[in-house]
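A.B. asks: Only the shape, not the letters, is given here:
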């Protein structure tokens, strides 16, 4: 898949087919993350790839999905839930720089996934304390983010809106998720 | 260019040809950034694209480059300096979430640039107070990051290293920049 196509068409996916993701695809996602730009090349992020169905089921209730359209885009265990999570691990005292590193690494993972027909949901609303126990992380580490990965069972669409209009995503009558994005001319100034 | 190729081969570029970047390519970079995943789809980042040569020259001394190999990868004005910067603008009270959003958006820009034969340098070591004055930003805004953009005049190479080995980038005898990246098996745990 072309870079431009992936950057333009990739959308967050919250409903998944009940089909396992090949380990080789997951490895390529991590491989993309690890060579992504990071501050001073320090590479402070680590990754836990979870496919074990028992562990995935334990993680699932510790995640919150798409607050604005709840419950429609909260996947259901065994029906539309992801079969895989990637946990992004950082120092417990992570600063802003680590968050920027994580954002870049996660975007690399999402694009690699999309190019393979996979969808992701970058989850920030997670119960970090419980996840830390579940993963038996040492005191000085934390789960910064989770990324759900799976084969999409929905096709969300983006639509351009002028700045100032609502950017709240919404479901239409066909239960398709619409994601308003502020149009190009309103986010950029040229000098 | 294929997604996988861009994700694998893209490297930070710090020496540039003295050739202008087409506005259409810069617009596509911003377009990629604006549709990138962001927390709750709030889209709080804005962009200033600077190609005006006077303004670019004023920005340049407010940036610091590749501390570890200074001065070799500090570009020289009129010889190897970028002809263009993109400033990423956020609220002056930006929190960790905004930094994560910025990281993802900047990675999208970098990949779009790379697919067009352009190189970028994501600059975090910048004089934010002076840039704020230069761009006449209101009190409640700040320059979170700068991204330099241009046609590469160097070909940095990544190399895999085991975890625990130095990740400091270095120049070899041919003045080629090497970027050690921690190997895949050392950054990921599989469950």
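C.D. replies: All right, it came through fine. All values derive from a computational prediction rather than experimental measurement.

A.B. asks: How about chain A: which residue is closest to chain B?
C.D. replies: Residue of chain A nearest chain B, by Cβ to the nearest Cβ: residue A:103 (2.7 Å). To be clear about C-beta, it is placed using only N, CA and C from the backbone, and glycine gets the same treatment.

A.B. asks: Centre of the chain to the worst-scoring helix or strand of chain A on mean pLDDT, how far?
C.D. replies: Sorted by mean pLDDT, DSSP states H and E, the helices and strands of chain A end with strand A:170-171, the least confident at a mean of 93. Here strand A:170-171 shows a centroid-to-chain-centroid distance of 19 Å under the convention Cα atoms, centre = their mean, to the nearest Å.

A.B. asks: and it, what other elements does it pack with?
C.D. replies: The contact analysis (3 or more Cβ pairs under 8 Å, 6 or more residues apart in numbering or on different chains; DSSP states H and E) places strand A:170-171 against strand A:177-182.

A.B. asks: The strand it packs on and chain B, are they touching?
C.D. replies: Yes - interface with chain B: strand A:177-182 contributes A:179-182 (Cβ under 8 Å from any Cβ of the partner chain).

A.B. asks: residues near residue A:184, how many?
C.D. replies: 16 (other Cβ atoms under 10 Å in any protein chain shown).

A.B. asks: So it versus residue A:71, what's the distance?
C.D. replies: 33 Å (Cβ to Cβ, to the nearest Å).

A.B. asks: first to last residue in stretch A:152-168, what's the distance?
C.D. replies: Using Cα to Cα, to the nearest Å, the end-to-end distance of stretch A:152-168 comes out at 21 Å.

A.B. asks: Could you list the buried residues of stretch A:135-147?
C.D. replies: A:135, A:137, A:141-147 (16 or more other Cβ atoms under 10 Å in any protein chain shown).

A.B. asks: Could you pull out the helices in chain A for me?
C.D. replies: A:3-9, A:23-34, A:53-59, A:96-115, A:128-134, A:184-187 (DSSP state H).

A.B. asks: So which of the ones you listed is the most surrounded?
C.D. replies: Each of the helices of chain A was scored by mean neighbour count; the highest is helix A:96-115, a mean of 26, by mean count of other Cβ atoms under 10 Å in any protein chain shown.

A.B. asks: of all the helices of chain A, which lies closest to residue B:122?
C.D. replies: helix A:96-115 (8.0 Å; Cβ to Cβ).

A.B. asks: Per-residue pLDDT of the residue of chain A closest to chain B, please?
C.D. replies: pLDDT for residue A:103: 98.

A.B. asks: Surely it touches residue B:96?
C.D. replies: No - in this structure, residue A:103 is not within contact of residue B:96 by Cβ atoms under 8 Å, at 9.8 Å.

A.B. asks: Overlap in contacts, the two.
C.D. replies: Residues touching both residue A:103 and residue B:96 (Cβ atoms under 8 Å, 6 or more residues apart in numbering or on different chains): there are none.

A.B. asks: Between the two ends of stretch A:14-33, what distance do you get?
C.D. replies: Note: stretch A:14-33 ends 21 Å apart using Cα to Cα.

A.B. asks: is chain B contacted by it?
C.D. replies: Yes - with Cβ under 8 Å from any Cβ as the criterion, chain B is reached by stretch A:14-33 at A:23, A:27-28, A:30-33.

A.B. asks: so how far is that stretch off the chain centroid?
C.D. replies: Worked out by Cα atoms, centre = their mean, stretch A:14-33 lies 11 Å from the chain centre.

A.B. asks: And stretch A:125-142, by the same measure?
C.D. replies: Between the centre of stretch A:125-142 and the centre of its chain there are 18 Å (Cα atoms, centre = their mean).

A.B. asks: Give me the distance between the two termini of it.
C.D. replies: 14 Å.

A.B. asks: Repeat that for stretch A:146-166.
C.D. replies: Stretch A:146-166 has its terminal residues 27 Å apart, counting by Cα to Cα.

A.B. asks: wait, does that stretch contact chain B?
C.D. replies: Yes - with Cβ under 8 Å from any Cβ as the criterion, chain B is reached by stretch A:146-166 at residue A:158.
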